[in-house]
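Chemist: Just need the structure, nothing else, for what follows:
(2 chains)
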Amino acid sequence: MVSIAREILLHDKLRFVITVVSLGFAIVMMVYDVGMFFGVTSDSVNLIDRAHAELWLSEEGESHLNALSLVPDSTLGKARRLDGVNQACALDYSIGNLKIGDTRQVEVVGIDPACPLFQPWEVVEGDVGELRRKDTIVVDDLALRGINHAQLGDVVELNGREMRIVATTNDNKSFSYPYVYINLQTFKSVGGAPGHYSFVAVQTRPGADQDQIMRRLAKANSDVAVSRAQEFRLATIMALIAQGVGMIFVIVLVGVLVGMLIITLTMYTATMERLRDFAILKALGATRWKIWGVVLEQAITKTAVSFGLGLAATLGVDYCVETMSGIRGRYPIPVIIGCFVMMVILAIFGSLISIIKATSVDPVMVFRA
Amino acid sequence: MDTLLSVREVSKIYRNGATSVTAVNRASLEVQSGKVILILGPSGSGKTTLLSIMGCILHPTHGEVFVGGQNVNQLSDSELSGLRREQIGFVFQSFNLLSFLTVRKNVEVALNLAGVRGRQAKERATEVLRQVGLDHRLDFLPKKLSGGEKQRVSIARALANNPKVILADEPTGNLDSTAGRIVVDLMTKLARQRGSGVVIVTHDNRILDVADRVLYLSDGSLVNEAVQRPT
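Modeler: Below you'll find the model as predicted:
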């Protein structure tokens, strides 16, 4: 069967290429930013997601991971002694400067290497257990990249203090900076607040009443907020959005609008140029639905091809950005499918004016010379 | 003899505010199997309007149109489209080929619209194009063809679905006399072979001899008739 839509599209190949490239650009804007949002939010909460803890204790009013939270170190002991608590571990968290020849920013995570709730993941080489020694550090390989390459056993400077690398990791990073891990005591010597931790995480016993434990923890620790892990995670994401990550949505919206505009304009001009052809088809007996189909097939074909191009370009851009800066997007299949479906819906809406024009054309015009 | 299409007391009046123009005035005629009717008349006499009404493209203001015995006034747009697909073939003065399709695909589209698909459509398109002498131009775009060749593609497209009636609007209008003669002879010959009726509206007196009946249209009225050739 002759696909009229495909024949129209391929008849003017240059126009088709220009259209799909333009539309592909709009799709890059949209998909890349959606991917960045998922990447940024996912990376920002990976410490929460990977901690085996159901509850998080933070300073009152500072209940998210990027907050300047300080809880008294007594909070840890109180939590551990509470009925229904299986384990409790402290976590220190701040931005720091790591010097390996040149200086780069890192996110410094203070952990108790003996506590199973927080452990570095994807250890490439070395022994994380060595962190119990003073002035030792576990460094993610993202922080080790560059001209001044360091490796296991080398001495680096964190906030001006020399430390020996005892292990390296891969993919331990927030959305912007790689993680380095030091023990809680060492953390105090590189800027940590004496007598305080940033957070305390709590793992409850199986079957324990979490609401009751939360109430007890709050009662035992004044000025300390107790959050469920999911609440803590959401609060961290919301704080990021409030701090500017929400701008991503504006760029996504711009991409969506540009995409819709391109579809609408290209479909409209292409349809207006072919009004006589639609009149011929109607005179030959094409139904209203057939004309709908011809216009929609063009719009969906353009969108599908553009989406393929846009997605490929997005992944290319993402690879380059990650290589250069470590910032990466995440593109879960359902999100990609969702973006595609949205673009197809936009294509359909963008074609409505063209469809109305094409279906309302008077076939009598075929008799005019 | 089978009456394939008939119009009875058909009028078309265009109104614009207080002004009204009667393009066709109480015209009646019957198209019969294998017969060729020529409707002559000057520009603006209502020839094309009458042809549009006969082709179920334009609704008459008054009167009735019957195709295959069915009163088309009572049909929906969708049913009228079906009628045009299967029972009527059009040949236009300006050819009206789809410029983005090859010769064969132009004919295939008409077959596809009538529900003939795939290999069958391709073979039938090729065959009818062979009958009009264009089997060596199957993969050409219309812009590569001469006027006469374009009109032959148009004829092939009109004949592809074996319609009951062929309606031709000034088929020689954009052709020189030789090419015009060839395409009209070809169209009427193939239509007669198939038992289709043919209506040609024209102001070209040079093709009078192809007609079984000649009607004259003046100011929207069929005012004269002459028998041109024996049946």
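
Chemist: Could you give the residue of chain B that lies closest to chain A?
Modeler: Of all residues in chain B, residue B:85 sits closest to chain A, at 2.9 Å by CB to the nearest CB. C-beta coordinates here come from the backbone N, C-alpha and C atoms, glycine included.

Chemist: these two touch, right, that residue and residue A:285?
Modeler: Yes: here residue B:85 lies in contact with residue A:285, judged by CB atoms under 8 Å, at a distance of 2.9 Å.

Chemist: what touches both of those two?
Modeler: Residues touching both residue B:85 and residue A:285 (CB atoms under 8 Å, 6 or more residues apart in numbering or on different chains): B:110, B:113, B:114.

Chemist: related to what we said a few turns ago, tell me the secondary structure for the residue of chain B closest to chain A?
Modeler: Here residue B:85 is recorded as helix under DSSP: H, G, I helix; E, B strand; the rest coil.

Chemist: How about the residues of chain B by chain A?
Modeler: Residues of chain B found near chain A (CB under 8 Å from any CB of the partner chain) are B:48, B:51-52, B:55, B:57-58, B:77-78, B:81-86, B:90, B:92-94, B:96, B:98-101, B:105, B:108-110, B:112-114, B:117-118, B:121, B:157, B:169-170, B:173-174.

Chemist: dump the residue contacts of the residue of the stretch 151-300 of chain A at minimum distance from chain B.
Modeler: Nearest residue of the stretch 151-300 of chain A to chain B (CB to the nearest CB) works out as residue A:285 at 2.9 Å. Taking CB under 8 Å, 6+ apart as the contact definition, residue A:285 lies against B:81, B:82, B:83, B:84, B:85, B:86, B:110, B:113, B:114.

Chemist: Can you select the buried ones from the residues you listed in PyMOL?
Modeler: Buried residues within the contacts of residue A:285, as defined by 16 or more other CB atoms under 10 Å in any protein chain shown, are selected in PyMOL through the command that follows:
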select buried, chain B and resi 81+82+83+84+85+86+110+113+114
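
Chemist: low-scoring stretches of the chain, by residue?
Modeler: This is for chain A. Residues of chain A meeting the criterion pLDDT under 70: A:146-148, A:369.

Chemist: my bad, the chain I had in mind was chain B
Modeler: Judged by pLDDT under 70, the stretches of chain B that qualify are B:1, B:224-231.

Chemist: just to revisit the earlier point, list only buried entries from the residues of chain B next to chain A.
Modeler: Neighbour counting by 16+ other CB under 10 Å classes B:48, B:51-52, B:55, B:57-58, B:81-86, B:90, B:92-94, B:96, B:98, B:100-101, B:105, B:108-110, B:112-114, B:121, B:157, B:169-170, B:173-174 among those as buried.

Chemist: So which of those residues belong to helices?
Modeler: B:48, B:51-52, B:81-86, B:105, B:108-110, B:112-113, B:121, B:157 (DSSP state H).

Chemist: For residue B:105, give me its contacts.
Modeler: The neighbours of residue B:105, taking CB under 8 Å, 6+ apart as the test, are A:2, A:7, B:98, B:125.

Chemist: just to revisit the earlier point, the residue of the stretch 151-300 of chain A closest to chain B belongs to a helix?
Modeler: No: under three-state DSSP, residue A:285 sits outside any helix and is assigned coil.
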